[in-house]
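[1] Generate a structure from the sequence data that follows.
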Amino acid sequence: MMHMTFYWGKKVTLLFDSWRTDSWTSYGLSLLAVFIVSVFYQYMEDRRIRFKALSVFNPSPPSIESPLLAGGVKRSSARFASALLFGVNSGIGYMLMLAVMSFNGGVFIAIVVGLTIGYLFFRTGDDGELAVVDSPCACA
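    Residues are numbered from 1 along each chain as shown. Below is the predicted model:
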């Protein structure tokens, strides 16, 4: 039966029926895994913001073949990379949200601490040079 309130314990099912923990070792490894994915989420968000900044500061020149689209659509590899990273990061963010919805207190803490550590290492060293205007999901 699925829990509908926060609980503490080593028995948890994360994301898939096959990802079940029933020992302290498997529970600890699962917490480590969601922690690492949370840190990776912040790293990917930093990469996405940097690619977006590259595409804004270095827009591609207008295309001769499509003069009507020249003002509206900027095509560059940095813009494509930014869009691709947005999709990947959105997927990771939603997977983290679903993991939190297991309602296990340890999983919740591991994800929040992972997001915090990832933010500390990857997102606070901008020195004000990058401005973020959009956020793909609530956990960013």
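
[2] Which pLDDT does the model give the spatially most central residue of the chain?
    The centre of the chain sits closest to residue 41, judged by C-alpha atoms, centre = their mean, with a distance of 3.4 Å. Looking at residue 41, its pLDDT is 95.

[3] State the three-state secondary structure for it.
    Following DSSP: H, G, I helix; E, B strand; the rest coil, residue 41 is assigned to helix.

[4] Next, count neighbours for the closest residue to it other than its chain neighbours.
    Of all residues not flanking residue 41 in the chain, residue 92 sits nearest, at 4.9 Å (C-beta to C-beta, 6 or more residues apart in numbering). Yep, even glycine has a C-beta here, placed from its N, CA and C like the rest. By the criterion of other C-beta atoms under 10 Å, residue 92 has 20 neighbours.

[5] same question, residue 117
    Neighbours around residue 117, by other C-beta under 10 Å: 14.
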